[in-house]
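*Asks:* What follows is a predicted protein model with its sequence.
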Amino acid sequence: MMKKMSISTSKTSLVLFLCQIISALDVPLDLSQPPTITQQSPKDYIVDPRENIVIQCEAKGKPPPSFSWTRNGTHFDIDKDAQVTMKPNSGTLVINIMNGGKAEAYEGVYQCTARNERGAAISNNIVIRPSRSPLWTKEKLEPNHVREGDSLVLHCRPPVGLPPPIIFWMDNAFQRLPQSERVSQGLNGDLYFSNVQPEDTREDYICYARFNHTQTIQQKQPISVKVFSMDSLNDTIAANLSDTDIYGAKPVTERQPVLLTPTGSTSTKVELRGNVLLLECIAAGLPTPVIRWIKEGGELPANRTFFENFKKTLKIIDVSEADSGNYKCIARNALGSVHHVISVTVKAAPYWITAPRNLVLSPGEDGTLICRANGNPKPSISWLANGVPIAIAPEDPSRKVDGDTIIFSHVQERSSAVYQCNASNEYGYLLANAFVNVLAEPPRILTPANKLYQVIADSPALLDCAYFGSPKPEIEWFKGVKGSILRGNEYVFHDNGTLEIPVAQKNNAGTYTCVARNELGKIQNEVQLEIKDPTMIIKQPEYKVIQRYGQVSFECIIKHDSTLLPTVTWLKDNDELPDDERFLVGKDNLTIMNVTDKDDGTYTCIVNTTLDSVSASAVLTVVAAPPTPAIIYARPNPPFDLELTGQLERSIDLSWIPGDENNSPITSFVIEFEDALHEPGVWRYQTEVPGSQTTAQLKLSPYVNYSFRVIAVNRIGRSQPSEPSEQYLTKSASPDENPANVQGIGSEPDNLVITWEPLKGFQSNGPGLQYKVSWRQKDVDDEWTSVIVANVSKYIVSGTPTFVPYEVKVQALNDLGYAPEPSEVIGHSGEDLPMVAPGNVQVHVINSTLAKVHWDPVPLKSVRGHLQGYKIYYWKVQSLSRRSRRHIEKKILTFRGNKTFGMLPGLEPYSSYKLNVRVVNGKGEGPASPDKVFKTPEGVPSSPSFLKITNPTLDSLTLEWGSPTHPNGVLTSYTLKFQPINNTHELGPLVEIRIPANESSLILKNLNYSTRYKFYFNAQTSVGSGSQITEEAVTIMDEAMASRQVDIATQGWFIGLMCAVALLILILLIVCFIRRNKGGKYPVKEKEDAHADPEIQPMKEDDGTFGEYSDAEDHKPLKKGSRTPSDRTVKKEDSDDSLVDYGEGVNGQFNEDGSFIGQYSGKKEKEPAEGNESSEAPSPVNAMNSFV
């Protein structure tokens, strides 16, 4: 038997808690607060001298801050420089270089200040430096004549650029010069030969320098190298050699190692904490020396150490002070060794231990700002207040500076300020802004009231109580509204106000009250917790062995919480069931008819609810004959005796002996491999062969240390893996393939981010895996710009135009050469916000709840990105019937694609609205069109708010009512209908009365005494009648009559008599039914009561509304097999205000522009006999922020 079961419970509550971003120190946006710098340019800002310079400075605060700048320590008056502008509502500077400005003229140190009435925040010192890519100095290069076996250094000496260039060596054909343990490039860009060989003779050793910022590549003049040996010395070569070279030359002999770089036996190196430490040793010698690295008195950090350039370079990432020490490189060959010791000292620019944090205090409170930093050497700490050194800042009696701490005592509102902490040493500085905001605010609870939390029993429950107040409120939790305070180990109280119940049980369900209080007040909020029963599979599918062409069923019987709606899904081999009518999915089972061989596999039943998920699996085995009870089917035993033969560079033969098949024939063998060189311990799929085969020829990749193992498979399952084969190391080669999933997508308006999926180690085919990244602007550039990178999966091209197409490609290469030429991919540089608002916005009001909006599309060039659609922002200004404003709630509708119109449903009748339209791209929204005002016409009113009947007498009743909650227009009158009801609930004649709209009560006279009346009451506008409200009341009887009159229907003897008669009739009907089935024929007379009841008359469709929008109704699932009753009659009439004109009937989908499908449905209720029509005011749609 083979089956498995897994359970996963939703962690929604835990995720909500972990994502909680509101804390007691976050000041709500409507309260005053000092400025905070939210975005700024980097400290060392190298700019392209050909592009406009943008120096960022963004800040928030209440009131919004104003901005100013200094340059080189003095005020920078941007109004006096026509080339400099500041963005609106921002501190960001834009220096116009493209229209005649010179970047060099704006080189300097800039600092931004954001200021409001509560303080001033400052940015870092931003050093602006234009990038430089100077030309190579011309020089006359003599040919290098080198004796075979000698060492050689070809110097590059690139021009000094800003930033420094990337160096690489190529030939005249722009091909990378091959590098190896013998020939390699040093960190300084020079090309080192440990020993030269005749094949090194060539005249096109060219050093290239790539300047990334300006995207330029420059080359040195070609260098010629000629290698000679005494055996092949000729007159031409001899003429260029000195006597010493000729007569001192010896035959090629082996030489022990000598260091080419660094020189001497010791050297020193200083590196900063957090940087990458690069140490290099390159040696000459014959045979070529091998380099080894050790750390004296310690170990190299295992997870941070890498060897590059054929182990000639030691790379340690993220260095710390613990990495200081002596590092020894040892160069060794068969003749001896040489070593060099590099003494490394790790210094540190300042780094934070405790950065100052914003402080919110109430008047009279105490507090501290702490600024602690470390570094090597130890940084000095200095304080500023509102950007001014604290020593010369205005005095504050509540403030005391004590080194790295500022202590505040009995603060007042004037103590609000922004403080800056500067930690600096010789290697750099840190600057942090932290404000002190003095506020007196009673508590606020930011979590919505009556929020409902649902969790599965035995799972954690987290109930939020996000809060704010000054002084900081204390939070208490209560069970229920007036329960006792929660304490004990059963609960966990988090600092942000969240209450955690680690293991929620059924008795934890109910109402929880969160109370926040400080000295200024108290506020409470209630949330609801529901505990649901976990979903369980109480009858799991079981392993089945079935004869071919038979029928099989898997059961999956579940138990779940009655309030959760489960969905059951069946999978075959973790994929959807085949689209085959033989597969029948029932309520709690899966049946497969006429089973075939392809039906065997693993079948999984998955049960999902909104809160949890469970699954169970079982295997189906299809056999040719019925299974014999005595036979035990099992997985096969693993293969053994693996043997490798026929070893070639790209293939090898593997053979094995199968294990016992355990009564189920082996269908296939799966072969896996391990690459001990790149991924030791990781086994990957190689191939699969039929079960009748015990040998396989395997394709191999270069530069992989292979081991193989074999797994046998039968209908029951897979065997354990065999023991690994012996290892086989293949030779290196150039890559066979290029990276996949190459994309070019900009992350900023001025860049292009090229990404790719890196090759895995066994795909590299050799050491020194790198990537050649190339790009060019489509239809603009003819030449490709390329850069070679390693150990990364993306490259950022800066300084691109906004949203233009680029052709990009990524080619793999290693120390032995390049992969095949890659295919090109079209990408785009980054998007920017749209520039133009839609024009000619027009509104056509269709009816009282629906309007159509038209606009002219914006020019595609102004979109500056992928056009995603248009958004309509609209909001109600006021109701025309009440002339009173209310809280404005803006709503958003989004229309995908290049739409030029959209429908606005769910409007309130007789109201004034405003709207504007904006275009949307991948970056965001463009500017809004001018606000457009429109008004909706009158509609039918809602029902009167109440109908109350008082003061009953013998012949009169007093009626009082309230006007409709939603008049939806100007009320013209009320209609009252009433009729008497007798003791058998039969209705008498209907009387109708029209009442002026300004009345709120009425006395009905001349009524019958002791009579029950039913009343129907509604209001009218000029459009029509609204929904009605009903009520019943009784006039009183005369006291004398009341004492004599007895209702026979309430007497006990009468009730007993009626029951006896009913029983006799039932017996008679049974006898008649039996006789009739035996052939007897009895005439039966049927009589129906033709009395018409207005409560059950056919109902007219609402006139003029969409119907009430209901979340509960919209989300009710359709029960399988449900039908509309055949005797229900619904009468449909024309309505100018109905969705019938815009969809597929009352319940059809409104899909004129693709934006609203299934959002609204008609709502029908029973009406009185006269068919008065009922209408509910449409509910506004509040959640329309998604693309449709």
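*Replies:* Nice, I can see it. All figures in this text were calculated on a predicted structure; none of them were measured in a lab.

*Asks:* where's Ser848 relative to Lys932, distance?
*Replies:* 18 Å (Cβ to Cβ, to the nearest Å). Quick note: C-beta positions are derived from backbone N, CA and C, even for glycine.

*Asks:* er, Val109 I mean
*Replies:* 49 Å.

*Asks:* more neighbours, the two?
*Replies:* More neighbours surround Lys932 than the other of Val109 and Lys932, with 17 against 14 (other Cβ atoms under 10 Å).

*Asks:* Quick check: that one touching Val843?
*Replies:* Yes: using Cβ atoms under 8 Å, Lys932 is in contact with Val843, at 5.7 Å.

*Asks:* residues shared between the contacts of these two?
*Replies:* Common contact partners of Lys932 and Val843 (Cβ atoms under 8 Å, 6 or more residues apart in numbering): Leu915.

*Asks:* Let's test this: mean pLDDT of stretch 699-715, rounded?
*Replies:* Averaged over stretch 699-715, pLDDT sits at 93.

*Asks:* How confident was the prediction at Val183?
*Replies:* On the pLDDT scale, Val183 is placed at 95.

*Asks:* where's Asp588 relative to Asp599, distance?
*Replies:* Distance of Asp588 to Asp599, computed by Cβ to Cβ: 20 Å.

*Asks:* So which of the two has more stuff around it?
*Replies:* The residue with more neighbours, out of Asp588 and Asp599, is Asp599; 21 against 15, by other Cβ under 10 Å.

*Asks:* so who does that one touch?
*Replies:* Contacts of Asp599 by Cβ under 8 Å, 6+ apart are 592, 620, 622.

*Asks:* Count residues in the vicinity of the second one, would you?
*Replies:* By the measure other Cβ under 10 Å, the count of residues near Leu620 is 21.

*Asks:* and it, what does it touch?
*Replies:* Counting by Cβ under 8 Å, 6+ apart, Leu620 touches 543-544, 546, 552, 554, 592, 595, 599-603.

*Asks:* Write a ChimeraX command that selects only the buried members of those residues.
*Replies:* Selecting only the buried entries of the contacts of Leu620 in ChimeraX, with 16 or more other Cβ atoms under 10 Å as the criterion:
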select :543,544,546,552,554,592,595,599,600,601,602,603
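
*Asks:* ok, so of the contacts of Leu620, who is nearest Gly73?
*Replies:* Thr602 (73.5 Å; Cβ to Cβ).

*Asks:* Where does the prediction get shaky in the stretch 851-1000 of the chain?
*Replies:* Low-confidence segments of the stretch 851-1000 of the chain (pLDDT under 70): 882-887, 984-985.

*Asks:* Could you check how far Asn303 is from Ile316?
*Replies:* 10 Å.

*Asks:* can you check Leu957 too?
*Replies:* 96 Å.

*Asks:* Same question for Thr113.
*Replies:* Counting by Cβ to Cβ - Thr113 and Ile316 are separated by 40 Å.

*Asks:* again with Ala1019
*Replies:* Distance from Ala1019 to Ile316, by Cβ to Cβ: 83 Å.

*Asks:* Between these two, tell me which one has more neighbours.
*Replies:* Per other Cβ under 10 Å, whichever of Ala1019 and Ile316 has more neighbours is Ala1019, with 27 against 22.

*Asks:* Averaging pLDDT per element, find the lowest-scoring helix or strand in the protein.
*Replies:* strand 1130-1131 (a mean of 36; mean pLDDT, DSSP states H and E).
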